[in-house]
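Undergrad: sequence unknown, structure follows:
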Ligand SMILES: Nc1ncnc2c1ncn2[C@@H]1O[C@H](COP(=O)(O)OP(=O)(O)OP(=O)(O)O)[C@@H](O)[C@H]1O
C-alpha cells in the first residue's frame, strides 16, 4: 500500500544562542501507510513531538524530505509549496494534544464549528456536520454543554471531533491520553481505533506508554535521543525486541527475561534445550505442550507463559524446557512450526544471554 507519510532522512537541530545545539531529531526515516495506526514511543525529550510536528511543517526540518499524501512539502532545506497551499494541506492532518486546547467560553458545538470557519459549506451544512461529528465521537447530547462541564475524556472527544471537521486523512495524536485516567484512556484509544476502521483514518500516535501502542497500533517506532532505534510491525518488534530500550517498553518480554534469569540456564543438561515459542492464540488451538509429549515423547516444562493482546490479536509467549535425546530435540522445531508456532532456540539469541 502507498505511503501516506514519508519522512526521509529527517533531522531537526535547534540552535541555541547559549549552549550547544540540540539535535532533537537525527536522520529519521519513517514511512506510514494509509490506514496504519503508527505508534511512536519514547521517554520525554526523545524527540517525538518535534518529529511529528514536521509532518505538517509546524516544525521545519533542518535536513530531509517530508512527503504527505503524494505531495513533497519539504526538500533540500526548502518548503516546496506556497503558504496558501500548505494551509490547505494542513487541513488534511488533524491534531490532538494532551491538553485539549478547547475554547472554554464557547459550547461544544461551537468549538467544533470553529474548525470549519475556512470551509465554503453553508451555515446549515456546517451545523449538520458538527452534529454528525459529535455523534461520531459519542457526544451528540453534549452539543450545547460547555467544556468545563465535561470530563477529561469527553473534552478529548470534542477535540477529536474538531480535529476531524475538515475530513482529514491523517490524525496526529500527541500524548492525547496522557492526562486521562486509565478508563478514559482506553475509551479514547478505542475511539481512535474505531475511527481508523470506519473512516480509514491514518493515525500517528505519540506516547510514552507502551500499553497505548499495544492496544491500538499496528506499527511502532521507538525513539531515543532523537533517533529511531527500532521500528516495524508491532507484533515483530514486540515479540523480538532488539534494543535495550525497546525491551524496557515491552513489559511482557522483560518479565520473561527476569524470570529466565532466575533459572540457572548456563547449566542445562546435554539432553535439555530451552525454546521460546510465540503464537497467535487465534491460530493455535491445540496444547503445544501436550502435542510435543504425544508426538515426540519429550518431557516439557513451562518456565514462563503470557498472553498479550496486540491490536486485536491475542499473542502467547512461552518459554519451555524440553528434555529428550538429540533426535527428539531436533524434531521439536519442525513440529512446532507445523503448528504455526514461531520457535527460537534460546542459545541462538544474544539478548537473553546478556
Ligand atoms: N523549540 C525548541 N528549542 C530548543 N530545543 C527544543 C525545542 N523544542 C524541543 N526542544 C528539545 O528537543 C528535544 C526533543 O523534544 P521533544 O519535545 O520533541 O521530545 P518528546 O519526545 O516529544 O518529549 P515530550 O513528550 O516531553 O514532549 C528536547 O531535548 C527538547 O528540550
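TA: Yes, it's here. Please read these numbers as outputs of a predicted model, since none were measured by experiment.

Undergrad: so which helix or strand takes in residue 279?
TA: Per DSSP states H and E, residue 279 falls inside strand 272-280.

Undergrad: scratch that, residue 66 is what I was asking about
TA: Assigned by DSSP H and E, residue 66 falls in strand 63-68.

Undergrad: next structured bit after that strand?
TA: Sequence-wise, the next helix or strand beyond strand 63-68 is strand 71-75, with elements assigned using DSSP H and E.

Undergrad: off-centre distance for the helix or strand just after that following strand?
TA: Reading on from strand 71-75 to the C-terminus, the next helix or strand found by DSSP H and E is strand 78-79. Taking CA atoms, centre = their mean, to the nearest Å, one finds the center of strand 78-79 at 29 Å from the center of the full chain.

Undergrad: for strand 78-79, name the packing helices and strands.
TA: In terms of contacts (3 or more CB pairs under 8 Å, 6 or more residues apart in numbering; DSSP states H and E), strand 78-79 is packed against no helix or strand at all. (Each C-beta comes from the backbone N, C-alpha and C, glycine too.)

Undergrad: quick check: closest non-adjacent residue to the residue of the stretch 51-200 of the chain found nearest the ligand.
TA: With distances taken as CB to the nearest ligand atom, the stretch 51-200 of the chain approaches the ligand most closely at residue 175, which sits 5.9 Å away. Across the structure, with CB to CB, 6 or more residues apart in numbering as the measure, the residue nearest residue 175 apart from its sequence neighbours is residue 98 (4.2 Å).

Undergrad: which ones are touching that neighbour?
TA: With contacts taken as CB atoms under 8 Å, 6 or more residues apart in numbering, residue 98 has the following neighbours: 174, 175, 176, 178, 179.

Undergrad: the second one: how many residues sit nearby?
TA: Meaning residue 175. A count of neighbours around residue 175, defined by other CB atoms under 10 Å, yields 19.

Undergrad: tell me the contacts of it?
TA: Shown in contact with residue 175 (CB under 8 Å, 6+ apart): 49, 97, 98, 206, 207, 208.

Undergrad: can we see that at 10 Å?
TA: Contacts of residue 175 were listed using CB atoms under 10 Å, 6 or more residues apart in numbering, and they are 44, 48-49, 96-99, 205-209, 212.

Undergrad: so which of these are in strands?
TA: Among the contacts of residue 175, DSSP state E puts 96, 97, 205, 206, 207 in strands.

Undergrad: quick one: pLDDT of the fourth one?
TA: Per-residue confidence at residue 206 stands at 96 (pLDDT).

Undergrad: that one contacts residue 44, doesn't it?
TA: No: using CB atoms under 10 Å, residue 206 is not in contact with residue 44; the gap is 11.3 Å.

Undergrad: which bits of the stretch 1-150 of the chain sit near the ligand?
TA: If contacts are counted using CB under 6 Å from any ligand atom, the residues of the stretch 1-150 of the chain sitting beside the ligand are 14, 22, 24, 42, 44, 45, 46, 47, 48, 49, 50.

Undergrad: which residues does the closest residue to the fifth one other than its chain neighbours contact?
TA: Going back to what we said before, that points to residue 44. Among residues not flanking residue 44 along the chain, residue 208 sits closest, at 6.5 Å (CB to CB, 6+ apart). Taking CB under 10 Å, 6+ apart as the contact definition, residue 208 lies against 41, 42, 43, 44, 46, 48, 175, 178, 249.

Undergrad: how many neighbours does residue 229 have?
TA: The criterion is other CB under 10 Å. On that basis, residue 229 has 16 neighbouring residues.

Undergrad: these two touch, right, it and residue 46?
TA: Yes: counting by CB under 10 Å, residue 229 touches residue 46, with 9.5 Å between them.

Undergrad: what do these two both touch?
TA: When contacts are counted by CB under 10 Å, 6+ apart, the set common to residue 229 and residue 46 consists of 222, 223, 245.

Undergrad: what is the nearest of those to the ligand?
TA: Minimum separation from the ligand among the shared contacts of residue 229 and residue 46 (CB to the nearest ligand atom) is found for residue 223, which lies at 6.5 Å.

Undergrad: list the beta-bridge partners for that closest one.
TA: In this structure, residue 223 has the following beta-bridge partners (DSSP bridges): residue 228.

Undergrad: quick check: the gap between it and residue 332.
TA: Relative to residue 332, residue 223 is positioned 38 Å away (CB to CB, to the nearest Å).

Undergrad: do residue 216 as well
TA: Shown here: residue 216 relative to residue 332, a distance of 35 Å by CB to CB.

Undergrad: same question, residue 262
TA: As it turns out, when the distance is counted by CB to CB, residue 262 lies 23 Å from residue 332.

Undergrad: and for residue 41?
TA: Relative to residue 332, residue 41 is positioned 34 Å away (CB to CB).

Undergrad: same drill for those two, tell me which one is more crowded.
TA: More crowded of residue 41 and residue 332, by other CB under 10 Å: residue 41, with 26 against 22.

Undergrad: can you pull up the bridge partners for the more buried one?
TA: With DSSP bridges as the criterion, residue 41 is bridged to residue 207, residue 222.

Undergrad: okay, helices next: where are they in the stretch 101-250 of the chain?
TA: Taking DSSP state H, counting those that start in this stretch as the test, the helices found in the stretch 101-250 of the chain are 108-114, 123-136, 152-163, 182-199, 210-216, 234-239, 244-249.

Undergrad: what's the average pLDDT for the fourth one?
TA: When you say that, I think you mean helix 182-199. Per-residue confidence for helix 182-199 averages out to 94 on the pLDDT scale.

Undergrad: what residues sit buried inside it?
TA: Of the residues in helix 182-199, those scored as buried under the neighbour-count criterion (16 or more other CB atoms under 10 Å) are 184, 185, 186, 187, 188, 189, 191, 192, 193, 195, 196.
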